[in-house]
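> dropping the sequence and predicted coords here.
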Amino acid sequence: MQRHSSEIKIAGKFIQGQGFPRQNRLTQAANFSHVFKHAQRSGDKYFTILYCRNDLNYPRLGLAIAKKRIRYAVARNRLKRIIRNSFRLAKNQLLGVDIVIMARNQSETAVNGDLFASLEQHWRIVVRINQT
RNA sequence: GGAGUCGGCCGGGCAAUCGCCUGACGGGGUGGUGUAAAUCGCCUGCGUCGGGAGGAAAGUCCGGGCUCCUGCGAACAGGGUGCCAGGUAACGCCUGGGGGGCGCGAGUCCACGGAAAGUGCCACAGAAAAUAUACCGCCGCGUUCUGGAAACGGGUCGUGGUAAGGGUGAAAAGGUGCGGUAAGAGCGCACCGCGCGGGUGGUAACAUGCCGCGGCACGGUAAACCCCACCCGGAGCAAGACCAAAUAGGGGAGUGCCUGUUGGCCGCAAGGCCAUCAGAACCGGUGUUCGCGCGGACUCCCGGGUAGGUCGCUAGAGGCCGUUGGCGACAGCGGUCCCAGAUGAAUGAUUGUCCUCGACAGAACCCGGCUUACAGGCCGACUCCUUAU
């Protein structure tokens, strides 16, 4: 615990851990519709990513993996886990952004490594929203 | 050793790092109560320890629990089940048995009630498909032509007999043999088969080296209508209960029961009470009908309910072990264990390593089944073949 408290504030900025607590999730229908309305987009053959600024100093993630796109529950769960893992490792760079990720058909059959690589590309694009 | 049948079980392992959900304890924060000690709750970028998908979690095909709908009662309609006996909360499931098919066998498969209650249907082919039928063939009689010396034979036409033979078909109205006959035929007989009645065994389905009767009728189809027996109210955890921003104006709880007839009692009377019979618009579940119920009035209260949240939500027809009863499904008793509970939805990712190189696939109120999918592997029982002793 002491180790964490020493990490938490360095140079007056939040240095976050690698966890994925509830704070970092979009849990309300209203949050989702806000992102859908005001989003910028980034997409490739695996994912479509919608993102917009929030007023918080931490990022939030929402998943929209459609049953219509990804037929089997096992495959949907796998995608969600991969996305969440990638997000929590990258979230220190993302800061005040709300992100909604939608899966596309090809992601169902892709191997984990390709999906992680794809997501890292997207995080690089999303980060730019904070630099303007 | 090979081939096979049945039943049960497992469903990648280990390590490191980073995470998620949940429970307990602790830390930190915060709120209530209390003079205080304390105590109760809530939150958590914190710590420790414990638990964290399946045999099918799947399909949603059956059956139940639970919840609400009006406490449900009957008839019809509608739906389901269908050899017998058990098991079970229940079932369309399971067990045991019977019958039939398949297999040398261990075993396995069966939508397995009724076709002499009625109606319908049976394509194509075939003469004929259900009160049988005569296409070819076979045979008698008549007729006429004809061969022959004759005996006897061949053909035409007509008429009748015949289901033994041919051919058609999924199916052609018992089979084999002998007798019989013009040729044939259960026409007669023997055996086999079949049906009916009885006896016997069995709880029963059913069986039958038993007795008697019948020449033998009654093709198939009931996953065609139908008949018979039994079962079934509807909707579902987005059930339902509670808290509660917004919005709209009513909403909720309790008690009581309408009108008339007749009789009795009380009262001076208006009237009241008890019993009795009759009537009534509207409302109400499952389609209809009926029953039954509610129903008019009075009193009291102020909330309501969308977003969102909390509960329902996991201790159960529960698992394991032993024991008793039972052929068994299963049941009784004793002991022991607590084993996911998410809700934009946890149960994972990365790296390394090992091996037999990892299939089908993800809980969403909970159980019991069925069905379907499935890489590879383990265990047990049994059958057949082969070899050896």
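It's in. Numbers count the residues shown, from 1 in each chain, chains lettered A, B, ... in the order given.
> which parts of chain A sit against RNA strand B?
A:1, A:4, A:8, A:14, A:16-23, A:25-30, A:32, A:58, A:62-64, A:72-74, A:77-78, A:80-82, A:84-85, A:88-89, A:112-113, A:116 (Cβ under 7 Å from any atom of the strand). (C-beta placed from N, C-alpha, C; glycine too.)
> ok, of those, which come out buried?
A:Q16, A:L26, A:F32, A:Y58, A:G62, A:L63, A:R78, A:I82, A:R84, A:N85, A:R88 (16 or more other Cβ atoms under 10 Å).
> part of a strand, is the fifth one?
Think A:G62. Yes. The assignment for A:G62 is a strand, going by DSSP: H, G, I helix; E, B strand; the rest coil.
> bridging residues for it?
Judged by DSSP bridges, the bridge partners of A:G62 are A:V100.
> got the contact list for it?
Residues near A:G62 by Cβ atoms under 8 Å, 6 or more residues apart in numbering: A:R25, A:L26, A:N31, A:F32, A:V35, A:D98, A:I99, A:V100, A:I101.
> could you rerun that using 6 Å?
A:G62 makes contact with A:L26, A:F32, A:V100, according to Cβ atoms under 6 Å, 6 or more residues apart in numbering.
> same check on the last one?
If you count contacts by Cβ under 6 Å, 6+ apart, A:R88 has them with A:Q18, A:F20.
> quick check: phi and psi on it?
Main-chain dihedrals, A:R88, degrees, to the nearest 10: phi -70, psi -30.
> just to revisit the earlier point, just the ones of the buried ones among the residues of chain A next to RNA strand B in helices?
Counting by DSSP state H, the part of these found in helices is A:F32, A:R78, A:I82, A:R84, A:N85, A:R88.
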